[in-house]
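A.B. asks: Pasting the sequence and the predicted model now:
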2 protein chains.
Amino acid sequence: MFSEKNAKAGVTFPKGFKAAGVKAGIKKSGNLDLALIYTEKEAAVAGVFTKNAVAAAPVIVDKEHLKNGKAHAIVANAGCANACTGEVGLKNAHEMAKLAAAELGCDPYDVFVGSTGIIGVNLPMDKMAAGIKAAAAELSEDGSVNAGNAIITTDTYSKACSFSVQIGGKEVRFGAIAKGSGMIQPNMATMLCYISTDANIAAPLLQKTLSDIVEVSFNMISVDGDMSTNDTVLVLANGEAGNAEIKEGTEDYKVFYDSLKTICQELSKRIAADGEGATKFLTINVHGTKTFEDAKTVAMSIAKSPLVKTAFFGEDPNWGRVICAVGYAGVPMMPEKTVIKFGDITVYANGLGAEFDMDELSKVMAEHDIEINVEMGMGDATATVWSCDFSYEYVKINGEYHT
Amino acid sequence: MFSEKNAKAGVTFPKGFKAAGVKAGIKKSGNLDLALIYTEKEAAVAGVFTKNAVAAAPVIVDKEHLKNGKAHAIVANAGCANACTGEVGLKNAHEMAKLAAAELGCDPYDVFVGSTGIIGVNLPMDKMAAGIKAAAAELSEDGSVNAGNAIITTDTYSKACSFSVQIGGKEVRFGAIAKGSGMIQPNMATMLCYISTDANIAAPLLQKTLSDIVEVSFNMISVDGDMSTNDTVLVLANGEAGNAEIKEGTEDYKVFYDSLKTICQELSKRIAADGEGATKFLTINVHGTKTFEDAKTVAMSIAKSPLVKTAFFGEDPNWGRVICAVGYAGVPMMPEKTVIKFGDITVYANGLGAEFDMDELSKVMAEHDIEINVEMGMGDATATVWSCDFSYEYVKINGEYHT
């Protein structure tokens, strides 16, 4: 289903999208640091942004540009987050959009901007101008890999995916590039995710769909519990697939919804798995609560516990820390009704540690991908959270850097 | 004010209290692991316990014994938490009280029990019986140090304090032993705190006072954000000071309240400073919110952020991570009204990073005790949270142990 093997994968897989990634000289490393994504045909756009009260300048600008629901381009840089930069930062974010619009011949209002990197530092606008010009000249259907690499920071790899489905008798394509909760230079964990599709769907329905899906994808990952000032998810749908407009409540909509959910969940998993210093990818399934919110709260309580995270780093099947995190989640629970499994192996039931085969359990703990399954026995709701362990490397990445 | 220099300090400092700590063979290390505290004269008692829905057996027993408001003794062990042990655990916790009561010649209902250590394992009752017998034989006014050492786990030292004040023309004494959020063998962070006083005060007022004070002391510390199944604070007041009974609303009550608060806050600070692997003691003061709860929420958001905690471990004055944690706390805030200081040095104001002398700031960051001061500019409420950094050692202690 997912393909990343060729240069046309990722955000340029859907028809009518081009991309580029260039070295603008913003990252100290000299690596690719400026990405441009472009669709000549006007796209419907939807966006979801950080809930952090300290929103970075590009988030403020994007929220404004989202109002008319249309877009032609996204320009994003790494190396500087343009956060906590006041009036100057806001002016620079607007200028980013204007510079790209001038190169592309579109309205600045139809350009979205993103920044990730060190905070409290202003964008070097001379370098940005030259970089945007270079990126516009390099736009191509093979540009997704470079664009993806231009937005990563401490990510160990760029996250991209692409696939197609049939909607209304037409092949509708989806593509995406994303960066994860890697520390930025390393001031802050920032998630940027740019999704393209050639589906024909109106902006209001696209927005509703994205907002729903974010709740069961990007909002279900926890690397270190911190929420960035710059987190941004954007979806551009340019209609090039030629399908009849997707309307709510139809079979077409169901396929579209499931496709977008699949992309968002796949990227969420990769972001969690690539958390800083991560050696384990943890899938935490909570079943049997009264509400989704309860299940999510329990799963997040487990995902955010440093005691649980360090235990999995140490491959220690420490169910005591897990039941403890369930207990303090603040959700109705009864110890004697709760069952905890690591993979398929029951480690806690009936209020007591379970009898288990230690050799079998050790094999589960030695895997890279581990499932923590919790059955609460209080209702029918479920939730899944994706997370990772806490390692020495996490402390090293985040403690040894000096601003 | 505080004295720990002599053997009579700690929990045996108030008149009429004896204590002992013995080696019962529960800790694998063979160190002291069973503590007994005794007052021949009946004491009024108050207690506050973990809010974790998975409460350990000793917590369940103590809550029951608290109902009549009187106590003669506390018996506590380290090495085994008697948590997630079901009916057997509950029976064993009751048996602990009965064994001590038999040795001391009091009602089992007047004995409180505490356990800390590995979870999911039953207490070795033969060893407990022998240990309790030995401890009862060793009870003395010099026994506080041994008792304190018998309840610690991965704490690097036993927390104890004692002091006296004048109430109603009498010298009223206070003493305490406590153990902190060190990992237990290392299954779980558990806080146990036993406070003695010879003040004359009735149980209901003592309970109200303790419940109030816990909110501004033990509930204001964060080592790793995890809440144990065994957390317990008990205060025994035996009236041996001979003061007239302390009544609410009097000057005597004010002195008593302030004294108990001082003890609880002092122990809270020491527990935070001795968090596992801690190299820094962080005092997080938040001012200028509309409510105490808001201020506490912001302070806890900072205290629990792994990004903030690793930055302070690295002595990195990373104000970006602090303002980020303020921003996602979910409390009304305006970036341009918020001021952040490390010690006395302003690092963030007016929505921007402040100009500061890097050499001066480096000196602040190099200290063991560091204040993070946040002014929100939204109201008059304040809160202080005590915390510590996240180090390699934390990951080592919690990741390398195998259950």
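C.D. replies: Arrived safely.
A.B. asks: which residues of chain A fall in helices?
C.D. replies: Assigned by DSSP state H, the helices in chain A fall at A:57-65, A:86-104, A:125-138, A:144-150, A:203-215, A:251-273, A:292-304, A:306-313, A:319-327, A:358-366, A:392-399.
A.B. asks: Any chance of those in TSV with distance to B:Glu95, mean pLDDT and mean neighbour count as columns?
C.D. replies: In this view, the C-beta of every residue, glycine as well, is placed from N, C-alpha and C. Shown next, in TSV, are the helices of chain A (distance: least, Cβ to Cβ, whole Å; pLDDT from 0 to 100; neighbours: other Cβ atoms under 10 Å in any protein chain shown):
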stretch	distance to B:Glu95	mean pLDDT	mean neighbour count
helix A:57-65	60	97	22
helix A:86-104	66	97	20
helix A:125-138	73	98	19
helix A:144-150	63	96	27
helix A:203-215	49	96	18
helix A:251-273	46	94	20
helix A:292-304	33	94	22
helix A:306-313	30	88	27
helix A:319-327	22	91	27
helix A:358-366	30	95	13
helix A:392-399	43	74	22
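A.B. asks: how about those helices in JSON lines, adding distance to B:Tyr194?
C.D. replies: What follows is those, written out as JSON lines (distance: least, Cβ to Cβ, whole Å):
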{"stretch": "helix A:57-65", "distance to B:Tyr194": "50"}
{"stretch": "helix A:86-104", "distance to B:Tyr194": "52"}
{"stretch": "helix A:125-138", "distance to B:Tyr194": "62"}
{"stretch": "helix A:144-150", "distance to B:Tyr194": "58"}
{"stretch": "helix A:203-215", "distance to B:Tyr194": "46"}
{"stretch": "helix A:251-273", "distance to B:Tyr194": "42"}
{"stretch": "helix A:292-304", "distance to B:Tyr194": "29"}
{"stretch": "helix A:306-313", "distance to B:Tyr194": "24"}
{"stretch": "helix A:319-327", "distance to B:Tyr194": "22"}
{"stretch": "helix A:358-366", "distance to B:Tyr194": "37"}
{"stretch": "helix A:392-399", "distance to B:Tyr194": "34"}
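A.B. asks: Give me the domain ranges for chain A.
C.D. replies: Domain assignment for chain A, taken from automatic domain parsing, gives A:10-273, A:281-399.
A.B. asks: Chain B versus the residue of chain A most remote from its centre, what's the distance?
C.D. replies: Here chain A reaches farthest from its C-alpha mean at A:Glu355, the gap being 38.6 Å by Cα atoms, centre = their mean. Computed as Cβ to the nearest Cβ, to the nearest Å, the A:Glu355 to chain B distance reads 11 Å.
A.B. asks: Repeat that for A:Glu375.
C.D. replies: Distance of A:Glu375 to chain B, computed by Cβ to the nearest Cβ: 15 Å.
A.B. asks: Surely that residue and A:Asn285 touch.
C.D. replies: No: between A:Glu375 and A:Asn285 there is no contact under Cβ atoms under 8 Å: 9.1 Å.
A.B. asks: what's the neighbour count on A:Gly377?
C.D. replies: For A:Gly377, the count of nearby residues is 13 (other Cβ atoms under 10 Å in any protein chain shown).
A.B. asks: Not counting sequence-adjacent ones, nearest residue to it?
C.D. replies: Nearest non-adjacent residue to A:Gly377, counting by Cβ to Cβ, 6 or more residues apart in numbering or on different chains: A:Lys337, 3.5 Å away.
A.B. asks: Report the contact partners of the one you found.
C.D. replies: Residues near A:Lys337 by Cβ atoms under 8 Å, 6 or more residues apart in numbering or on different chains: A:Met376, A:Gly377, A:Met378.
A.B. asks: Could you do A:Cys264 as well?
C.D. replies: Residues counted as contacts of A:Cys264 (Cβ under 8 Å, 6+ apart) are A:Cys193, A:Ile195, A:Ile213, A:Val214, A:Ser217, A:Phe218, A:Val233.
A.B. asks: Not counting sequence-adjacent ones, nearest residue to the fourth one?
C.D. replies: Going back to what we said before, that points to A:Val214. Leaving aside its sequence neighbours, A:Val214 sits nearest to A:Val48 (Cβ to Cβ, 6+ apart; 4.7 Å).
A.B. asks: beta partners of the one you found?
C.D. replies: Counting by DSSP bridges, A:Val48 forms beta bridges with A:Val233.
A.B. asks: Tell me how far it lies from A:Glu367.
C.D. replies: Between A:Val48 and A:Glu367 the distance is 32 Å, computed by Cβ to Cβ, to the nearest Å.
A.B. asks: more neighbours, those two?
C.D. replies: Taking other Cβ under 10 Å, A:Val48 and A:Glu367 do not tie; A:Val48 has more neighbours (21 against 13).
A.B. asks: quick one: the more buried one and A:Ser211 touch, right?
C.D. replies: Yes: using Cβ under 8 Å, A:Val48 and A:Ser211 qualify as a contacting pair, with a distance of 6.0 Å.
A.B. asks: Common neighbours of the two, please.
C.D. replies: Here A:Val48 and A:Ser211 share no contacting residue, scored by Cβ under 8 Å, 6+ apart.
A.B. asks: And the pLDDT at the residue nearest to A:Gly377?
C.D. replies: You'll see A:Lys337 listed with a pLDDT of 96.
A.B. asks: ok, it to chain B distance?
C.D. replies: Here A:Lys337 is placed at a distance of 11 Å from chain B (Cβ to the nearest Cβ).
A.B. asks: check contacts around the residue nearest to A:Gly69 when sequence neighbours are not counted.
C.D. replies: Excluding its sequence neighbours, the residue lying closest to A:Gly69 (Cβ to Cβ, 6+ apart) is A:Ala203, at 3.0 Å. If you count contacts by Cβ under 8 Å, 6+ apart, A:Ala203 has them with A:Ala44, A:Val45, A:Ala46, A:Gly69, A:Lys70.
A.B. asks: who's in contact with the fourth one?
C.D. replies: I take that to be A:Gly69. A:Gly69 touches A:Ala44, A:Val45, A:Ala46, A:Ala202, A:Ala203, A:Pro204, A:Gln207, counting by Cβ under 8 Å, 6+ apart.
A.B. asks: quick one, phi psi at it?
C.D. replies: Backbone torsions of A:Gly69, given as degrees, to the nearest 10, read phi 70, psi 10.
A.B. asks: Burial check on A:Lys67, number of neighbours?
C.D. replies: Per other Cβ under 10 Å, the neighbour tally for A:Lys67 reads 9.
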